[in-house]
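1. Sequence and computational prediction follow.
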Amino acid sequence: MLSDIVETTPIDANGVRLETLPAFGRLNFRGRGAAVSAMGEAFGLALPQEACRAAISGSRAALWLGPDEWLLLLMLPSDTDAVIAAAATSLAGQPHSLVDISERQYALGLSGRQAATVLAGGNPLDFDLRAFPVGMCTRTVMGKAELAIWRTEPDRFHIEVWRSFAPYIRGFLREHMREFGA
Amino acid sequence: MLIIPCPHCGPRPELEFRYGGQAHIARPVDPSPLTDQEWASFLYSRDNERGIHAERWRHIHGCARFFNVVRDTTTDQILASYKTGEARPEGV
Ligand SMILES: [Zn+2]
């Protein structure tokens, strides 16, 4: 259970909220050329080609992580096996890697008008909307731990954290939320 | 902190990167006829430039790809950044 290794209760402060998002299905896809469009067909959503951008359709999202690497998120985790089965057909004979990493990570939601300020407490990227617009996603670091940050709304971030890093990152963000009364 | 331009992701903070040593060192296609001296040279001998140096970096906490950078080791100014497999740009 996730709650065995990390607190999952939301943390509220003035203008910012940190919460644990519901379970997602997660697939890490690596491939090039025709394999990328074949994966898009199996997933029902064309994988974004632009660097550091996410695409959403219905209950699914595809996040560009590298020039041949994507994180596929399924808001309905029970769909994951069906996508893997569809990929086995559409990608037959094409070199690629598709790994179920649903349990490797968990997702935090950071929202509110101070959300970007809290993130900036542990990361030097520019979170101004002009530099980090809605739909942008990237792997980066928070303090000493790696994570992926995806801006889903102007004041809302979806954060993907490896489970063993979860207590550290949650604590790190909470520390910066103290500035706003957490 | 250095701002390093990743050829895939654009300018990013240094702490997302790892240094990967001198660039454009090709592994000998057929190592067996090489002398120990030549093999040791491939493995261990590197330039130690005071000035313009082509080197590998890895955007490990970003797109995770290796790429090449031309950097002035005296000023840390980065003169070029290009994808692995591409030739060093002319003039830098
Ligand atoms: Zn990159």
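-> Received it, and whenever you're ready, just let me know what you need. Residues are numbered from 1 along each chain as shown, chains lettered A, B, ... in the order given.
2. From now on I want contacts and neighbour counts done on CA atoms only, so please keep to that.
-> Noted.
3. in the chain, which segments are predicted with low confidence?
-> The chain I'm using is chain A. Within chain A, the ranges that satisfy pLDDT under 70 run A:1-5.
4. Show me which residues of it sit near chain B.
-> A:Ala51, A:Cys52, A:Leu65, A:Gly66, A:Pro67, A:Pro124, A:Leu125, A:Thr138, A:Arg139, A:Thr140, A:Val141, A:Glu146 (Cα under 8 Å from any Cα of the partner chain).
5. Who are the contact partners of the second one?
-> Put plainly, it is A:Cys52. Counting by Cα atoms under 8 Å, 6 or more residues apart in numbering or on different chains, A:Cys52 makes contact with A:Leu63, A:Trp64, A:Leu65, A:Gly66, A:Met136, A:Cys137, A:Thr138, B:Cys9.
6. and if you look at the first one?
-> A:Ala51 makes contact with A:Trp64, A:Leu65, A:Gly66, A:Pro67, B:His8, B:Cys9 under the criterion Cα under 8 Å, 6+ apart.
7. Could you export stretch A:9-21 as PDB, CA atoms only?
-> The C-alpha trace of stretch A:9-21 is given here as PDB (Å, rounded to 0.1, in the frame of the first residue of the first chain):
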ATOM      1  CA  THR A   9      -3.100  13.100   3.400                       C
ATOM      2  CA  PRO A  10      -3.300  16.500   1.600                       C
ATOM      3  CA  ILE A  11      -1.200  19.400   2.900                       C
ATOM      4  CA  ASP A  12      -2.900  22.800   2.700                       C
ATOM      5  CA  ALA A  13      -1.300  26.200   2.900                       C
ATOM      6  CA  ASN A  14      -2.200  29.700   1.900                       C
ATOM      7  CA  GLY A  15      -2.500  29.600  -1.900                       C
ATOM      8  CA  VAL A  16      -1.100  26.100  -2.400                       C
ATOM      9  CA  ARG A  17      -2.200  22.500  -1.800                       C
ATOM     10  CA  LEU A  18      -0.200  19.300  -2.100                       C
ATOM     11  CA  GLU A  19      -2.200  16.100  -2.500                       C
ATOM     12  CA  THR A  20      -1.700  12.500  -3.500                       C
ATOM     13  CA  LEU A  21      -3.400  11.900  -6.900                       C
END
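8. returning to what we had before: now, which of the residues of chain A next to chain B sits nearest A:Ser37?
-> Within the residues of chain A next to chain B, the smallest distance to A:Ser37 is 13.6 Å, found for A:Pro67 (Cα to Cα).
9. how many other residues sit next to the closest one?
-> Residues contacting A:Pro67 under the criterion other Cα atoms under 10 Å in any protein chain shown number 19.
10. my read: it touches B:His8, true?
-> Yes - using Cα atoms under 8 Å, A:Pro67 makes contact with B:His8 at a distance of 7.1 Å.
11. Can you tell me which of the contacts of A:Ala51 is nearest B:Tyr82?
-> B:His8 (9.0 Å).
12. pretty sure that closest one belongs to a helix, no?
-> No - counting by DSSP: H, G, I helix; E, B strand; the rest coil, B:His8 is not part of a helix but coil.
13. Need phi/psi at the closest residue in space to it that isn't next to it in sequence.
-> Leaving out its chain neighbours, the residue that sits closest to B:His8 by Cα to Cα, 6 or more residues apart in numbering or on different chains is A:Ala51, at 6.6 Å. Note on A:Ala51: backbone dihedrals following degrees, to the nearest 10 are phi -60, psi 140.
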